[in-house]
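1. could you work out the structure for the sequence below:
(chains A, B and C)
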Amino acid sequence: MPELPEISSRAGEMQKELTGKTIRKIEVLQPKCLNVSKRKFTTALAGAKLLGTTYHGKWLFTDTTKGHLLINMGMGGDLLLVDSKSMPEKWRIAFHFKDRTTLAVNFWWFGYTHYAAEGKLNKHTMSAKLGPNAIDVTRAELREMLQGRRGAVKSFLLNQERIAGIGNAYVHDILFLAGLHPQRIIDTFTDDEVEALWNGIQKGLKPSLRKRGAFYERDLYGKPGGFKMKDILVGYREGKSCPVCGEKVVKLKTGSTSSFICPKCQPLKPRKRVGKKVAKKKSTRR
DNA sequence: TATCTTGTTAATCG
DNA sequence: ACGATTAACAAGAT
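-> Below is the predicted model:
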């Protein structure tokens, strides 16, 4: 799944490669991904010059001279910059530029390419409700966000209205690094656990961010990200040994999603911290 | 061939 | 208001 590290990397690549290009023609093979009619979408952006790309959570925002282009890659896919004459085999939306290059968009499931008119970005409900980017949340902000919240920590992390950019791939290692079971209830957290969660978010995202995303997603040039399977600590490693204590990693169902945890390092019952870098202080408080 | 799995969002229910 | 649950969506794996 493309999550913050991948989306942030794509935004950087788009900023660098696409800024200044002018859209010559748009082709839509799958109108279902649009938020407006196919005709409205193509006429709105035809002739637009791209001004720059940023990201928020899992959304990419490209500003143009004719409004905003918003892309969400859903559960994964490709965002490829190619020569207009050599389109990839699979694509759903194509932005052909005047310089005869093309941005070919494909998602294998559930992605969006949306349009928002100039000044109407705040009317785009799917992105307007997003919480701050996970990587930018400070300790104090996290503490405040968790304040008075019930429910499980995993649902909190995956809820894009709270913190934006974390999905079901990175959440495994974030919780492992924090020493927290995905089903731990937030209002039982000690101060140390809040701190551990903040550290987990940082340490769970930054290595991949530095390596321009995970191996299962490709960059604008078709090259896989540098964050490899061996860089993942417990996610998708069922039956393998925990890198900290050697216990076998377990896969469990948490609501509608799966979780991968080390049962020893991430106990469901709050207890004294086991040996992990994030934790040193004792943790009895309520 | 048919069934299962997969993640995110919106909608619904308590 | 909030949390939990579920439907909807497409393609690959088995």
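
2. burial of A:L45, as a residue count?
-> Applying other C-beta atoms under 10 Å, we find 22 other residues in the vicinity of A:L45. Every residue, glycine included, has its C-beta placed from N, CA and C.

3. repeat for the one 10 residues further on
-> Around A:Y55 sit 22 other residues, with neighbours defined as other C-beta under 10 Å.

4. repeat that for the one 4 residues further on.
-> A count of neighbours around A:W59, defined by other C-beta under 10 Å, yields 22.

5. which one is it nearest to, not counting chain neighbours?
-> Leaving aside its chain neighbours, A:W59 sits nearest to A:S127 (4.8 Å; criterion: C-beta to C-beta, 6 or more residues apart in numbering).

6. report whether A:A11 is found in a strand, as I expect.
-> No: following the definition DSSP: H, G, I helix; E, B strand; the rest coil, A:A11 is helix and is not counted among the residues of a strand.

7. got a list of what it touches?
-> Listed by C-beta atoms under 8 Å, 6 or more residues apart in numbering, the contact partners of A:A11 are A:53-55, A:60.

8. for the residues you listed, which one is nearest A:G179?
-> The shortest gap between A:G179 and any of the contacts of A:A11 belongs to A:Y55, at 29.2 Å (C-beta to C-beta).

9. the host helix or strand of that closest one packs against which elements?
-> With elements taken from DSSP states H and E, the one containing A:Y55 is strand A:50-56. Counting contacts by 3 or more C-beta pairs under 8 Å, 6 or more residues apart in numbering; DSSP states H and E, the secondary-structure elements packed against strand A:50-56 are helix A:4-18, strand A:59-64.

10. name the residues of that strand that are buried.
-> Of the residues in strand A:50-56, those buried under the neighbour-count criterion (16 or more other C-beta atoms under 10 Å) are A:50, A:53, A:55-56.

11. now do the SS call for the residue in chain A that DNA strand B sits nearest to.
-> Taking C-beta to the nearest atom of the strand, DNA strand B has its nearest neighbour within chain A at A:G167, 2.0 Å off. Using three-state DSSP, the secondary structure recorded for A:G167 is coil.

12. quick one: closest of the helices and strands packed on strand A:50-56 to A:G246.
-> Shortest distance between A:G246 and the helices and strands packed on strand A:50-56, using C-beta to C-beta, is found for helix A:4-18: 27.7 Å.

13. let me know the angle separating that closest one from strand A:59-64.
-> Between the direction of helix A:4-18 and that of strand A:59-64, the angle (axes from the mean of the first three to the mean of the last three C-alpha atoms, to 10 degrees) works out to 20 degrees.

14. do helix A:4-18 and DNA strand B meet?
-> No: under the criterion of C-beta under 7 Å from any atom of the strand, DNA strand B is not reached by helix A:4-18; the shortest gap measures 9.8 Å.

15. tell me which residues of whatever helix or strand comes next after that helix come out buried.
-> From helix A:4-18 onward toward the C-terminus, using DSSP H and E, the following helix or strand is strand A:23-28. Neighbour counts using 16+ other C-beta under 10 Å place A:23-24, A:26, A:28 of strand A:23-28 among the buried residues.

16. test my guess that the residue nearest to A:W59 contacts A:H68.
-> No: using C-beta atoms under 8 Å, A:S127 is not in contact with A:H68; the gap is 9.6 Å.

17. anything in contact with each of those two?
-> Once C-beta under 8 Å, 6+ apart is applied, the residues that A:S127 and A:H68 both contact turn out to be A:61, A:121.

18. which positions in chain A make contact with DNA strand C?
-> A:32, A:108-110, A:149-152, A:155, A:255-256.

19. just these that are near DNA strand B?
-> With C-beta under 7 Å from any atom of the strand as the criterion, these include A:109-110, A:256 near DNA strand B.

20. ok, the residues you listed vs A:E238, which is closest?
-> A:S256 (18.1 Å).

21. what's the neighbour count on that closest one?
-> Applying other C-beta under 10 Å, we find 6 residues neighbouring A:S256.

22. picking that back up, for the buried residues of strand A:23-28, work out which two are farthest apart.
-> Taking C-beta to C-beta, the two most distant members of the buried residues of strand A:23-28 are A:R24 and A:V28; they sit 14.7 Å apart.

23. who in chain A is up against DNA strand B?
-> Applying C-beta under 7 Å from any atom of the strand, we find that chain A lies next to DNA strand B at A:1, A:3, A:57-58, A:72, A:74-75, A:109-110, A:125-126, A:158, A:160, A:167-169, A:256-258.
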